[in-house]
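Chemist: sequence first, then the predicted structure:
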Amino acid sequence: MLICGWGKGCKAPLYVVTNMDTAEVACPFYAQRFRIEPCCSDQKSRGFPLHKSHLADPQRLSCLFIAVCLAYIWIVYLGAICMQDGWVRIIHRGQRCDLSLFKVGLRLLTHFLNEELPLPIAFHIEI
């Protein structure tokens, strides 16, 4: 199915090709794209660029990957706190946030460190 929409103030229409049955089902999924794509980018180039580690040993790469995953979860948690508690107005524009929770959390972490504020840590890992 081809969906064509023309938003107010837009210079050109938006075309979406989907395998979903109706536009009412497809459009909300398409709207999530702007959160999903930044998340994928966070895992690759804008977050923790694992490819730059040049590690070849699977054991060492595995340890690094575990550490990065734990850090990623914590920073996404900070992003969720930022959105929930209204910190986003301090670290990003107020009208619309186009950053992933990871980028919001990273900015909040930077803000807390620069302002010497206590860091919120609310999860525990038992091994």
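Modeler: Received the coordinates, thanks.
Chemist: would you map the helices across this protein?
Modeler: 23-31, 33-44, 58-85, 88-91, 101-114 (DSSP state H).
Chemist: from the chain's centroid, how far away is the first one?
Modeler: Its chain's C-alpha centre lies 20 Å from the corresponding centre of helix 23-31 when counted by Cα atoms, centre = their mean, to the nearest Å.
Chemist: what do you get for the last one?
Modeler: In this view, helix 101-114 has its centroid 12 Å away from the chain centroid, taken as Cα atoms, centre = their mean.
Chemist: same check on the third one?
Modeler: Here the centre of mass of C-alpha atoms in helix 58-85, compared against the chain's by Cα atoms, centre = their mean, lies 11 Å away.
Chemist: returning to that earlier point: make TSV out of the helices of the chain and add mean pLDDT, mean neighbour count and distance to residue 10.
Modeler: From N, CA and C alone the C-beta is placed, and that goes for glycine too. What follows is the helices of the chain, written out as TSV (pLDDT from 0 to 100; neighbours: other Cβ atoms under 10 Å; distance: least, Cβ to Cβ, whole Å):
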stretch	mean pLDDT	mean neighbour count	distance to residue 10
helix 23-31	84	12	15
helix 33-44	67	14	15
helix 58-85	88	15	26
helix 88-91	84	15	25
helix 101-114	90	19	25
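Chemist: relative to residue 2, which of those is closest?
Modeler: Nearest to residue 2 among the helices of the chain is helix 23-31; the distance by Cβ to Cβ comes to 9.9 Å.
Chemist: check which helices and strands that closest one sits against.
Modeler: Packing partners of helix 23-31 (3 or more Cβ pairs under 8 Å, 6 or more residues apart in numbering; DSSP states H and E): strand 2-5, strand 14-17.
Chemist: of all those, which one is nearest residue 117?
Modeler: Across the helices and strands packed on helix 23-31, closest to residue 117 is strand 14-17 (Cβ to Cβ), at 40.8 Å.
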